[in-house]
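Novice: whatever this is, show me its structure:
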Amino acid sequence: MSRLIHLETHEGIAIVTIDNPPMNVLSSQVTKELKNAFTTVYQDPEIIVVIVTGAGDRAFMAGADIKEFPGWIDLEKADLKKITMANNEVFNMIDDLPKPTIALLNGITLGAGCELALACDIRIAEDHAKLGLPEVKLGLFPGAGGTQRLPRLVGEAKAKEIMFTGDPITAKEALTIGLVNQVVPKGTGMECAKDMAKKMAGLSLQALGRIKKAVNEGAEKDLYSAIELEAELFLDIFGTNDVREGVQAFIEKRSARFTHR
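Specialist: Presented below is the predicted three-dimensional model:
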């Protein structure tokens, strides 16, 4: 059985590529291999930033593998929950990864593909990309975090419109509503993603990880509790070698050489 997820690393940047032709759908094998890839990313101290993309230029991920669905219909609820939670476990792992993640949307980004993109920190879309959650057209609804992450990103009303109609939106509209960070011409997305990743990879993972934790966890708290969390993380950062190096480099008017410790 050929591998459907490819992981390559270079100078602190990992690129995770979904290669399940023709449309890079989320099969059970893709789920397992994504979990393995991000476990490696989590454990590798040399990796600072991750780019996630799809092979080719047709699709980032066109959704779940619908061919697997008929076998789910008559399952006991406990067995079906194991399958659905396997996807959620991987997407939660990506969301919680203490390293920045960039989703490069190089084509169709629907259903589980949109949910995977939502689990990443930054989304860069090529201008031919289409995004959406069309599950309602199958009599279903998003089951891998879409009903929770999309409203938090674009607001409740717009998220409901996207899910209630099931209609995809263009990359330009996705930029307008804040679903993606940037829209770039077709074929230039990886260059753009790498440029952004290189900037992050030259910074301190100690700081990057705490920024992500403060934003992600703070969003679920009231303002004053979130500020308390920020303060605790700020105290922690002063115990790192990277703060000493960053401050000293500033005083000496040179570039900091962070060791991520």
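
Novice: elements contacting the longest helix seen in the chain?
Specialist: Assignment by DSSP state H gives helix 77-96 as the longest helix of the chain. The helices and strands touching helix 77-96, judged by 3 or more Cβ pairs under 8 Å, 6 or more residues apart in numbering; DSSP states H and E, are helix 28-43, helix 112-119. Using the backbone N, CA and C atoms, a C-beta is placed for each residue, glycine as well.

Novice: got the angle for the first one vs helix 77-96?
Specialist: Compare the direction of helix 28-43 with that of helix 77-96 by axes from the mean of the first three to the mean of the last three Cα atoms, to 10 degrees and you get 40 degrees.

Novice: please, which helix or strand holds K160?
Specialist: Using DSSP states H and E, K160 sits in helix 156-165.

Novice: relative to helix 112-119, how tilted is that helix?
Specialist: Using the same axes, to 10 degrees: helix 156-165 against helix 112-119 is 160 degrees.

Novice: tell me the buried residues in the longest helix of the chain?
Specialist: By neighbour count on 16 or more other Cβ atoms under 10 Å, the buried set for helix 77-96 is N87, N88, V90, F91, M93, I94, D95.

Novice: ok, stretch 19-35 next?
Specialist: D19, N20, M23, N24, V25, L26, S27, V30, T31, E33, L34, K35.

Novice: swap in stretch 132-151?
Specialist: Per 16+ other Cβ under 10 Å, stretch 132-151 contains these buried residues: 132-135, 142-147, 149-151.

Novice: over to stretch 165-182?
Specialist: Buried-residue list, stretch 165-182, by 16+ other Cβ under 10 Å: G166, P168, I169, T170, A171, E173, A174, L175, L179, V180.

Novice: which stretches of the protein have low pLDDT?
Specialist: 1 (pLDDT under 70).

Novice: show me it divided up by domain.
Specialist: According to automatic domain parsing, the chain comprises the domains 5-201, 205-251.

Novice: reformat the ones you listed as JSON lines; add distance to R261.
Specialist: As requested, the domains of the chain are exported to JSON lines (distance: least, Cβ to Cβ, whole Å):
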{"stretch": "domain 5-201", "distance to R261": "9"}
{"stretch": "domain 205-251", "distance to R261": "5"}
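
Novice: what's the closest of these to F258?
Specialist: In terms of Cβ to Cβ, the element of these nearest to F258 is domain 205-251, at 4.8 Å.

Novice: for that closest one, measure first residue to last.
Specialist: With Cα to Cα, to the nearest Å applied, domain 205-251 spans 21 Å between its terminal residues.

Novice: what helix or strand is V16 on?
Specialist: Using DSSP H and E, V16 falls in strand 13-18.

Novice: show me what T9 is bridged to.
Specialist: Applying DSSP bridges to T9 gives these bridge partners: A14.

Novice: how many neighbours does it have?
Specialist: Per other Cβ atoms under 10 Å, the neighbour tally for T9 reads 15.

Novice: for E68, same thing?
Specialist: Using other Cβ under 10 Å, E68 has 13 neighbouring residues.

Novice: A strand includes it, no?
Specialist: No: counting by DSSP: H, G, I helix; E, B strand; the rest coil, E68 falls outside a strand, being helix.
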